[in-house]
Every structure is written in C-alpha cells, then in structure tokens.
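In: I need the structure of the sequence given here:
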Amino acid sequence: MRPDTHALLVIDVQNDFCPGGALAVPGGDEIVAGINALMDEFSAVILTQDWHPADHSSFASQHEGLDPYAVTEMPYGPQVLWPDHCVQGSLGSEFDAGLNTTRADLIIRKGFRRAIDSYSAFFENDQTTPTGLEGYLKTRGITHLTLTGLATDFCVNFSAVDAAKLGFKVEVRTDLCRAIDLDGSLAAATDSMTAAGVTLI
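Out: From the prediction side, this is the model:
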C-alpha cells in the first residue's frame, strides 16, 4: 500500500475514448484491468471525466467548413477541433463498464464550459481557470500522484505537467495509458512531461 500522501489519478477512461467510441484511442480498453489492479495500492483514487455540452466550441461540428483534427484559434490559443465526444449524459461520456468506479473518492468533470476546452485535470485550456482538484489534493495532504488513462498525449500529458508545475511529485504509468498520436503528439508529450520533471514508468 502506498502512503496516504500518494494518490492515483485516472484520466478519462470513458466509452468515447475506447474502441467503438466517437474519439477512440487505439487500445483504450486494454488498460482497464491494470488500472483496477493498481487501485488496490492507493488509499486515494480520483477519476476525471470529460463532460461537454452538445454545442461545445472544441467540436468540429460547431465550425462551418472545418473538419475534425483541424486546428483553429480560440481566445486562449490554438485548439484542435474534435469529433463530438463525451457529451453530457450520453453513453459515450460514461466510464468504461469495466472500470472500478466504486473506488473513486472524487470524480472531476472537465470541459463543461461551452467556450473553453479542458485537457488538464487541474486547469482549463486557458491555463488559469482551475478545476478545484489542486485544492482537494492539498486539503487531503497529498503530495505524490500516479497518473494513468487516456490519452497519453493530451489529457494525461497536460494533467501531469500541470501537477508538476503545482509542486506535486508526479509519475505516469505509460503502460496504463494509450495515445492518439496526432502528427507526432506522443513524442512531443513525452518530451513535455520529461522536461517538467515527470517520471515516466
């Protein structure tokens, strides 16, 4: 068992990111059993859940003439446009049926504001609007985080880097993550996490 100061953060293991989903990450469902087993080592388990309104600004369907995976400019910077996914209350937004959600002390929903996307478990994509997770962890005295989930190169990467910037000791179990790998995004994410002081296991 890990110390009480060490939490497991499980990122976005949802139907739309698993095979057959709207934004499927190859092999996304292969990590579920391993994550469930890892939960037994932690007294604190936190899940994140992408939770978008149907007209979310990061959806390509909301931008005439632009296709999924195109990049557009938002007030907060460049934004990849995605297929509609993880719409609030939809089957796609639900956690993978195999994931042990009963172990979750907290579920952080992100991306629920229409005008801004949210990759990180800590901040929305403007890098200033907090989700509240930092305060929760610090109130519980948690100093170390192990991250797993989907996708390595987006939400796991942004969450890990933000956690390190906030002063947490962070490790990412790369065997319990899967990547989209969009135009070299996995290599870029690996470099980004390493540069931030994140330990990749």
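In: Just to be sure, residue 48 is in a helix?
Out: No - counting by DSSP: H, G, I helix; E, B strand; the rest coil, residue 48 is located in no helix; its state is strand.
In: I'd guessed it sits against residue 111; true?
Out: No - the criterion here is Cβ atoms under 8 Å, and residue 48 misses it with residue 111 at 9.7 Å. The way it works is simple: take the backbone N, C-alpha and C, and place the C-beta from them, glycine included.
In: which one of the two has more residues nearby?
Out: Using other Cβ atoms under 10 Å as the criterion, residue 48 and residue 111 rank with residue 48 on top: 30 against 25.
In: Contact partners for the more buried one?
Out: Going by Cβ atoms under 8 Å, 6 or more residues apart in numbering, residue 48 touches 9-12, 107-110, 121, 149, 155, 159.
In: Could you look up the SS state of the residue nearest in space to the middle of the chain?
Out: In the chain, the residue lying closest to the centroid (Cα atoms, centre = their mean) is residue 155, at 3.4 Å. Under three-state DSSP, the three-state class of residue 155 is helix.
In: Would you map the helices across the chain?
Out: Counting by DSSP state H, the chain has helices at residues 32-39, 133-139, 157-165, 185-195.
In: Pick the most deeply packed of those.
Out: helix 157-165 (a mean of 24; mean count of other Cβ atoms under 10 Å).
In: Just want the angle from it to helix 185-195.
Out: Going by axes from the mean of the first three to the mean of the last three Cα atoms, to 10 degrees, helix 157-165 is angled at 10 degrees with respect to helix 185-195.
In: where does the chain dip in pLDDT?
Out: Filtered on pLDDT under 70, the chain yields no residues whatsoever.
In: can you map out the strands along it?
Out: For the chain, the strands defined by DSSP state E occupy 6-11, 44-50, 71-74, 77-80, 106-110, 144-150, 169-178, 199-200.
In: Need the winner for burial among the ones you listed.
Out: Comparing the strands of the chain by mean neighbour count (mean count of other Cβ under 10 Å), strand 6-11 ranks first with a mean of 27.
In: chain center to stretch 83-96: distance?
Out: Here stretch 83-96 is found 14 Å from its chain centre; the criterion is Cα atoms, centre = their mean, to the nearest Å.
In: likewise stretch 106-125?
Out: Here stretch 106-125 is found 9 Å from its chain centre; the criterion is Cα atoms, centre = their mean.
In: Show me what counts as buried in that stretch.
Out: Buried residues in stretch 106-125, counted by 16 or more other Cβ atoms under 10 Å: 106, 108-112, 116-125.
In: so residue 80 sits right up against residue 66, yeah?
Out: No - using Cβ under 8 Å, residue 80 is not in contact with residue 66; the gap is 10.7 Å.
In: got the end-to-end distance for stretch 157-177?
Out: Across stretch 157-177, the terminal residues are separated by 10 Å (Cα to Cα, to the nearest Å).
In: And the contacts of that stretch?
Out: Stretch 157-177 is touched from outside by 9, 11, 31, 34-35, 38, 48, 119-123, 134, 137, 142-152, 156, 189, 192-193, 196-201, with contacts defined as Cβ under 8 Å, 6+ apart.
In: Ignoring the adjacent residues along the chain, who's closest to residue 59?
Out: With sequence-adjacent residues excluded and distances taken as Cβ to Cβ, 6 or more residues apart in numbering, residue 59 is closest to residue 84, at 4.9 Å.
In: Fine, thanks again, bye for now.
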